[in-house]
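Student: mind looking at a prediction? Sequence and model below.
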Amino acid sequence: MSVLLEFAMFPTSADGREGAGVSASVSKIIDMIDKSGAAYQLTPMGTIIETETMREALDIIEKSYEALGDCERVYSSLKFDIRKGKSNRLKSKIASVEGKIGREVKK
C-alpha cells in the first residue's frame, strides 16, 4: 500500500508576534521526517510524505506536533491519497504526468 500525505503544520506565531516567520519551527519537523526514513518532498506550501501504512503517516503527524513542543497554538492541514498495491508514488506520479507532456523528471 502507498499512503501519500501532503500536510502543513506550524505555530500560528513563532514568538507571540503576528507575522513572525515559522521556518525555524518547520525545520524541526523536516529534520524529524528526514530522520524517520520516510520518503518526502518539501514544497513552499507544505510537505509530502509517502509511507506504506496509514499508521506510519499518522505517527509522523503526531511526532510533527510533538516537535513543535511548547507552541501554544498550532495550525495544520492534511490531505491523503491512499492506494493499495502501489509504491514509490511520490516520484512515479510526477513521472507519469511529465511523460505525457514529453518532459523528463528533474532529479
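Tutor: On my side now, so go ahead.
Student: quick check: the residue most central in space within the chain vs Ala24, distance?
Tutor: Geometric centre of the chain, nearest residue: Thr47, 2.9 Å, by CA atoms, centre = their mean. According to CB to CB, to the nearest Å, Thr47 and Ala24 sit 16 Å apart. In short, each C-beta sits where N, CA and C put it, glycine included.
Student: what about the chain, any weak spots by pLDDT?
Tutor: Residue ranges of the chain with pLDDT under 70: 13-20, 104-107.
Student: now do the helices in it.
Tutor: With helices called from DSSP state H, the chain shows them at 23-36, 54-67, 89-100.
Student: now for those helices, which one comes closest to Ser2?
Tutor: Ser2 lies closest to helix 89-100 among the helices of the chain, at 4.8 Å (CB to CB).
Student: list the buried residues for the closest one?
Tutor: For helix 89-100, the neighbour count (16 or more other CB atoms under 10 Å) marks 89-90, 93 as buried.
Student: now do stretch 28-44
Tutor: For stretch 28-44, burial by neighbour count (16+ other CB under 10 Å) applies to 29, 33, 38-40.
Student: from Asn88, how far off is the residue sitting furthest away from the middle of the chain?
Tutor: The outermost residue of the chain relative to its centre, with distances by CA atoms, centre = their mean, is Gly102 at 27.7 Å. Distance, Gly102 to Asn88, by CB to CB: 22 Å.
Student: how about Lys79?
Tutor: Counting by CB to CB, the gap from Lys79 to Asn88 is 19 Å.
Student: same check on Leu68?
Tutor: Look at Leu68 and Asn88: by CB to CB, they are 30 Å apart.
Student: show me the contact partners of stretch 41-58.
Tutor: For stretch 41-58, the surrounding residues in contact (CB atoms under 8 Å, 6 or more residues apart in numbering) are 1-8, 29-30, 33, 38-40, 60, 77, 80, 82, 87-90.
Student: let's go with 10 Å and repeat that
Tutor: Identification of contacts with stretch 41-58 by CB atoms under 10 Å, 6 or more residues apart in numbering yields 1-10, 26-27, 29-30, 33-34, 36-40, 59-61, 64, 76-82, 86-91, 93-94.
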